[in-house]
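Engineer: just to be clear, the model below is a prediction. Sequence and coordinates:
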Amino acid sequence: MTLATPHNMPLRLFWWKAVPNFGDALSAIVVAHMCGREVVHVGPGKADLFAIGSILQIARRKYSEAKVYAQKPVIWGSGLLHAVASLEFLSNVNIALLRGPVTASLLGIKTDQFGDPGLLVADIFAPAPAKTHRIGLVPHHSQMEDPQIQVLAKISDEILLIDPHQDPETVCQQISACQHIYAASLHGLITADAYGVPSTWVSPGDQGHLKYYDYAASIGRPLISPLAWDQIPDHARHIIQPAELPYGAGIARAKADLRNSFPALMRAEQNTGTA
């Protein structure tokens, strides 16, 4: 694989940034951690790498033409938001890893290795030093101003409403400071998993569900239909906190797949020949 940018130049990453959202912003942070280089945002047609996000539809649109590309971008941990009609773009990208088996099946790719790069966030940001809240609520970014959620958050001082528009380090600290997370945000669930915090999926409104099942299947996490927000108080009264996440082995396997599949030629130390 030939890189368009030398190892001492910034790595060009595409991520969705139309609305501030910690899950998408994690992409640059995790990729910089993995490659040891500066990471800059570029448009999808100029990217060295696609990582966190349901952004393969965008890659398909940009790389579907049958032509000679100066560089084939690498897909590392990305997923689909919905099924796509054509798969011609696959010959114009290099797939290192997909987010989950639902995405792989829809693309017709046979593999048993998957992972969302957000699972590596606990390697970057230390967890909160103590638990400060019994419950954390992480809405999808489009739900943050929902009156029902705002009222729910004020029921008790034990509840922390976590705004996904905040910077990633703050959100990760807040999630890790809770005993249980209720999340409509996919990366609210993923971040909770990364820090070993039990979590429950809550309705993301009109957002599609494919990405949630894709991620859950990647780590062997059982995932039933999401709770409605008004079901949380009753559900929270019956929570039994596990000593450890029952699908912890799946998380560990996905994290290993992520580390092992990151393109070696994108790592600064690999390109410079230093350890």
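Structural biologist: Right, received. Where do you want to start? Keep in mind that this is a model prediction, so the values were computed, not measured.
Engineer: contacts only, for the spatially most central residue of the chain.
Structural biologist: Central residue of the chain (Cα atoms, centre = their mean): residue 118, 4.2 Å from the mean position. Contact partners of residue 118, counting by Cβ atoms under 8 Å, 6 or more residues apart in numbering, are 23, 26, 30, 52, 187, 190-191, 194. Using the backbone N, CA and C atoms, a C-beta is placed for each residue, glycine as well.
Engineer: hmm, try it at 6 Å
Structural biologist: Counting by Cβ atoms under 6 Å, 6 or more residues apart in numbering, residue 118 touches 26, 52, 187, 190.
Engineer: which one of these is nearest to residue 62?
Structural biologist: residue 52 (17.4 Å; Cβ to Cβ).
Engineer: what's the neighbour count on that closest one?
Structural biologist: Other residues lying near residue 52 total 29 when counted by other Cβ atoms under 10 Å.
Engineer: can you map out the strands along the protein?
Structural biologist: 11-14, 39-41, 49-50, 74-78, 94-98, 133-138, 159-161, 178-183, 199-201 (DSSP state E).
Engineer: that older thread, can you count the residues close to the residue nearest to the residue nearest to the centre of the chain when sequence neighbours are not counted?
Structural biologist: In space, and not counting its chain neighbours, residue 118 is closest to residue 190: 4.2 Å by Cβ to Cβ, 6 or more residues apart in numbering. By other Cβ under 10 Å, the residues close to residue 190 number 28.
Engineer: do the same with residue 96
Structural biologist: 22.
Engineer: so it sits against residue 261, correct?
Structural biologist: Yes - counting by Cβ atoms under 6 Å, residue 96 does reach residue 261; the two are 4.6 Å apart.
Engineer: shaky segments in the stretch 151-275 of the chain?
Structural biologist: 269-275 (pLDDT under 70).
Engineer: hmm, try it at 90
Structural biologist: Counting by pLDDT under 90, the stretch 151-275 of the chain has low-confidence residues at 240-243, 268-275.
Engineer: domain ranges for this structure?
Structural biologist: Here the chain is described, according to automatic domain parsing, as comprising the domains 11-120+254-272, 121-249.
Engineer: tell me how far the last one lies from the chain's centre.
Structural biologist: Domain 121-249 has its average C-alpha position 13 Å from the chain's average C-alpha position, going by Cα atoms, centre = their mean, to the nearest Å.
Engineer: helices of the stretch 101-250 of the chain, start to end?
Structural biologist: 101-107, 147-153, 168-176, 186-194, 210-219, 232-237, 248-261 (DSSP state H, counting those that start in this stretch).
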